[in-house]
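In: Okay, predicted coordinates and the sequence, questions at the end:
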Amino acid sequence: MLVLKFGGTSVGSVESMINVKNIINDGKKKVVVLSAMSGTTNALVNISELLKQNNAEEAVVLLDQLHQTYKNTIDQLITNPTFNAEVNAYVSNIFEVLTQNTNNEYNRLTYNTFVAQGERLSTYIFTRYLHQEGIDACLISALDFMRIDKTNEPDNFYIQQNLNRILFENSESQIYITQGFICRDADGNIANLQRGGSDYTATIIGAILKAEEVQIWTDIDGFHNNDPRFVENTTAISNLSFDESAELAYFGAKILHPQTVMPVSAFDIPVRLKNTMSPNAHGTLITNQVHGEGIKAIAAKDGITAIKIKSARMLLAHGFLKKVFEIFERYETSIDMITTSEIAVSLTIDNTTYLQDIVNELNAFAHVEVDDFMSIVCLVGNAIVYHPDTPNLFQILQDVNVRMISYGGSNNNISLLINTSDKVETLKKLQRYVFENNQVLV
Ligand code: ADP
Ligand code: ASP
Ligand code: MG
């Protein structure tokens, strides 16, 4: 069994959907995970934000606009009149229900319900398009098998039982289409795997089914060595290890949801990144094999807050770090980077929900300074810590205000904390020296 996931742009236009049809129609048994058409989830997030602000009127206007774009796409893609009428009726019903919901009181479930509709729309339209083209495909609802537990982790037992049952009940099918991103929570309410979560859906399914391979089809020819949104001349990396890609995804490489490789790495199921617009390009193969040495890729994560905790009594005070960590644990706030000196410990977080409570508790025994609008730049590659040229890296960055450096925590990662305003320049500088001039590191 193969699992293929197609992202927003891969199903974002009629032309792209035709490409997807051609890619999946090869006679091999597969699960196809689809995201929402590009722009839809953002639009639904905006609509839900308006509802939160009690602006139902504007929300209805945006819903109508979104509905209109769907009508246009359906009319271009679904040309058979019977199919067209049926798909339009299905889609209109979704928009009608959402419009009725705009009168209800806003809560977390409102957001979860609204953002889930993009994947319901794309999978239904695409499945019926395949049927129109005479391709046998079975639409299976992620809401019938994908579930997270109370700690927001995939409920693997539940998923396995239900997914296998559904596949068994439809065993004559070759192509199963399902929604990425959406799931149910432990109480059975509609929920999701966080933004970009369709990648994660694909690998959760891949691990449960012990798939031959999970393919993530997107709008670029694989994992690039730097962020192509900010840096020119980035190039695709042909091979990455699970660890390398996990670090890069966690530290901001948007091409993969941060948790993507976790479910499959334990079973050594390869993940292949491919370009829907250029299916013959090699892409990136992610396995447990480590290739090459030195810096392989750079990524950056924004929205980081740095907390410096100073205590004159810290020196020789065993138990100090324990006390600090216990506070973060109590507020379920994870720490990304940490550095220590004799009198202070600096650390970073990206979830500031409980920042004020954390600071209040720390203030009881230390002096606390908080800086926001920071970014972590992460350099990843095999054995970079041992590479003789790595120390030169810090010379390149001498005119960048580097607040923290994490070096040696693992052999394949160096992280730098900088101001977000310096991020693009830092990424460009590293690109030039590390990959283009080859002056510093191989
Ligand atoms: P999809 O909708 O298919 O899931 P995403 O937008 O989530 O696509 O991810 C693909 C995008 O990620 C690319 O178009 C690119 O702009 C961005 N990106 C950021 N960092 C990287 C990287 N290191 N390699 C490739 N793409 C990256
Ligand atoms: N549609 C969802 C999002 O935009 C999930 C995904 O694209 O992976 O976040
Ligand atoms: Mg994505």
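Out: Good, I have the coordinates. Ligands and ions are numbered 1, 2, ... in the order given.
In: only C-alpha atoms for contact and neighbour calcs from this point on.
Out: Noted.
In: interface residues of the chain facing ligand 2?
Out: Residues of the chain lying close to ligand 2 by C-alpha under 6 Å from any ligand atom are 7, 8, 35, 36, 41, 181, 195, 196, 197, 198, 199.
In: What is the neighbour count of the fifth one?
Out: Neighbourhood size, residue 41 [other C-alpha atoms under 10 Å]: 21.
In: picking up where we left off before, so which of the residues of the chain next to ligand 2 are also by ligand 1?
Out: Near ligand 1, taking C-alpha under 6 Å from any ligand atom as the test, the members of those found are 7, 8, 196.
In: need the contact list for the second one.
Out: In this case it means residue 8. 34, 35, 36, 37, 38, 39, 218 (C-alpha atoms under 8 Å, 6 or more residues apart in numbering).
In: residues near the residue in the stretch 251-400 of the chain positioned nearest to ligand 2, how many?
Out: Ranked by C-alpha to the nearest ligand atom, the top residue of the stretch 251-400 of the chain for proximity to ligand 2 is residue 257, at 7.5 Å. Neighbour count of residue 257, defined by other C-alpha under 10 Å: 22.
In: I'd guessed it sits against residue 251; true?
Out: No. Counting by C-alpha atoms under 8 Å, residue 257 sits too far from residue 251 to count as a contact (10.3 Å).
In: continuing past the helix or strand harbouring residue 191, what's the next helix or strand?
Out: Using DSSP states H and E, residue 191 maps to strand 190-192. Where DSSP H and E defines the elements, the next helix or strand beyond strand 190-192 is helix 198-208.
In: Could you give me the buried positions within that next one?
Out: For helix 198-208, a neighbour-count test (16 or more other C-alpha atoms under 10 Å) marks 198, 199, 200, 201, 202, 203, 204, 205, 206, 207, 208 as buried.
In: which other helices and strands contact it?
Out: If you count contacts as 3 or more C-alpha pairs under 8 Å, 6 or more residues apart in numbering; DSSP states H and E, helix 198-208 packs onto strand 2-6, strand 30-34, helix 156-169, strand 213-218, helix 262-265.
In: Just the C-alphas of the third one, formatted as PDB.
Out: This points to helix 156-169. Provided in PDB are the C-alpha atoms of helix 156-169 (Å, rounded to 0.1, in the frame of the first residue of the first chain):
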ATOM      1  CA  ASN A 156      -3.200   4.700  17.300                       C
ATOM      2  CA  PHE A 157      -5.400   1.800  18.600                       C
ATOM      3  CA  TYR A 158      -8.600   3.600  17.700                       C
ATOM      4  CA  ILE A 159      -7.200   4.600  14.300                       C
ATOM      5  CA  GLN A 160      -5.900   1.200  13.500                       C
ATOM      6  CA  GLN A 161      -9.200  -0.600  14.400                       C
ATOM      7  CA  ASN A 162     -11.400   1.800  12.500                       C
ATOM      8  CA  LEU A 163      -9.200   2.400   9.400                       C
ATOM      9  CA  ASN A 164      -8.700  -1.300   8.900                       C
ATOM     10  CA  ARG A 165     -12.400  -1.900   9.300                       C
ATOM     11  CA  ILE A 166     -13.300   0.800   6.700                       C
ATOM     12  CA  LEU A 167     -10.600  -0.500   4.200                       C
ATOM     13  CA  PHE A 168     -11.900  -4.000   4.700                       C
ATOM     14  CA  GLU A 169     -15.500  -3.000   4.100                       C
END
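In: Tell me how confident the model is about it, as a mean pLDDT.
Out: Averaging pLDDT along helix 156-169 yields 98.
In: State the distance from the closest residue to residue 267 other than its chain neighbours to residue 1.
Out: Take residue 267 and drop its neighbours on the chain: the residue closest to it by C-alpha to C-alpha, 6 or more residues apart in numbering is residue 207, 7.0 Å away. Distance, residue 207 to residue 1, using C-alpha to C-alpha, to the nearest Å: 11 Å.
In: one step back: out of the residues of the chain next to ligand 2, which two sit at the greatest distance?
Out: The distance between the two most remote of the residues of the chain next to ligand 2 (C-alpha to C-alpha) is 14.9 Å, for 41 and 199.
In: count of residues packed around residue 351?
Out: Residue 351 has 14 nearby residues by other C-alpha under 10 Å.
In: give me every residue that touches it.
Out: 333, 334.
In: can I assume residue 374 is in contact with residue 306?
Out: Yes. With contact defined as C-alpha under 8 Å, residue 374 and residue 306 form a contacting pair (7.2 Å).
In: Between the two, point out the one with more neighbours.
Out: When residue 374 and residue 306 are compared for neighbours, residue 306 comes out ahead with 25 against 22, by other C-alpha under 10 Å.
In: which element is that one on?
Out: Residue 306 is part of strand 297-310 when elements are defined by DSSP H and E.
In: Check which strands are paired with the strand holding residue 191 and give the direction for each one.
Out: Sheet partners assigned to strand 190-192 using DSSP bridges are listed as strand 182-184 (antiparallel).
In: got the CA coordinates for stretch 127-140 in CSV?
Out: In CSV, the C-alpha atoms belonging to stretch 127-140 read as follows (Å, rounded to 0.1, in the frame of the first residue of the first chain):
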residue,chain,number,x,y,z
THR,A,127,-13.6,12.0,-5.7
ARG,A,128,-16.6,12.9,-7.8
TYR,A,129,-14.3,14.3,-10.5
LEU,A,130,-12.5,10.9,-10.6
HIS,A,131,-15.8,9.1,-10.9
GLN,A,132,-16.8,11.4,-13.8
GLU,A,133,-13.5,10.4,-15.5
GLY,A,134,-14.4,6.7,-15.0
ILE,A,135,-11.8,6.1,-12.3
ASP,A,136,-13.0,4.0,-9.4
ALA,A,137,-12.2,5.7,-6.1
CYS,A,138,-13.7,5.4,-2.6
LEU,A,139,-14.1,8.4,-0.3
ILE,A,140,-13.5,7.5,3.3
